[in-house]
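Engineer: I need the structure of the sequence given here:
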Amino acid sequence: MAFWREMAAGDIEGLMRVAEVVHPGLPESDQVFAERVKLFPEGCLALVNDDEEVCGYAISHPIRNRQPPALDSLLGEVASDADQYYIHDVAILPKFRGRGLAAECVKKLLVVAERYSSACLISVYGTAAFWRRFGFVPGSVDEVLSAKVRGYGDDATYLVRSKGY
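Structural biologist: Okay, the predicted model is just below:
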């Protein structure tokens with residue numbers, strides 16, 4: 001059994017173990033994740049099993065429109081004029097996949113996202129079809145955004161979801 005709950009600072013070590021398995025080619029420091037949890041805790045979820053071991057995680061937070069952070073970069077703060085919701089990552093260990101847990105998580109994040117004009121993310125590993133189920137479609141990309149997206153890998157795609165989809 002596994003369930004989603006708000007992430008705590010003490011979950012970062014477990015999150016890093018999951019990230020090493022799920023994203024070995026997209027490493028980020030524990031400082032990046034700890035900062036996100038501190039800055040916007042309601043957008044950071046931990047998937048835990050009955051033993052409270054982290055089996056997955058979600059990191060999300062508000063950003064200025066079309067300005068997601070580069071991979072492995074600190075935010076410093078959530079901008080007071082943030083008008084878009086950014087889903088940075090939803091990652092689940094392979095043995096916990098196929099149970100609807102990712103969809104359950106995304107639905108929780110989209111409740112928070114309704115406060116903003118739109119939501120966005122950078123899809124990796126060919127997951128755009130998964131995100132399409134929730135109304136995410138390819139968004140327009142300028143040179144600056146394109147450079148950030150490329151930092152997430154050759155198959156990375158910037159996706160956007162309009163409010164109220």
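
Engineer: Below-threshold pLDDT in the chain: ranges please.
Structural biologist: For the chain, the stretches flagged by pLDDT under 70 are 164-165.

Engineer: same thing but at 90, please
Structural biologist: The chain contains residues with pLDDT under 90 at 163-165.

Engineer: Okay, strands next: where are they in it?
Structural biologist: Using DSSP state E, the strands assigned to the chain run over residues 2-6, 44-49, 54-63, 84-92, 118-123, 137-138, 157-162.

Engineer: Including mean neighbour count, could those go into a markdown table?
Structural biologist: Just so you know, the C-beta spots here come from the backbone N, C-alpha and C atoms, and that holds for glycine as well. Output for the strands of the chain, formatted as a markdown table (neighbours: other Cβ atoms under 10 Å):
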| stretch | mean neighbour count |
| --- | --- |
| strand 2-6 | 15 |
| strand 44-49 | 23 |
| strand 54-63 | 23 |
| strand 84-92 | 22 |
| strand 118-123 | 23 |
| strand 137-138 | 12 |
| strand 157-162 | 18 |
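
Engineer: of all the ones you listed, which lies closest to Gly76?
Structural biologist: Shortest separation from Gly76 across those is recorded for strand 54-63, at 12.0 Å, computed as Cβ to Cβ.

Engineer: what packs against the helix ranked longest in the chain?
Structural biologist: Longest helix in the chain by number of residues (criterion: DSSP state H): helix 101-113. Using 3 or more Cβ pairs under 8 Å, 6 or more residues apart in numbering; DSSP states H and E, the elements in contact with helix 101-113 are strand 2-6, strand 44-49, strand 54-63, strand 84-92, strand 118-123.

Engineer: Direction included, what does the last one pair against?
Structural biologist: Pairing partners of strand 118-123, with direction, according to DSSP bridges: strand 84-92 (parallel), strand 157-162 (antiparallel).
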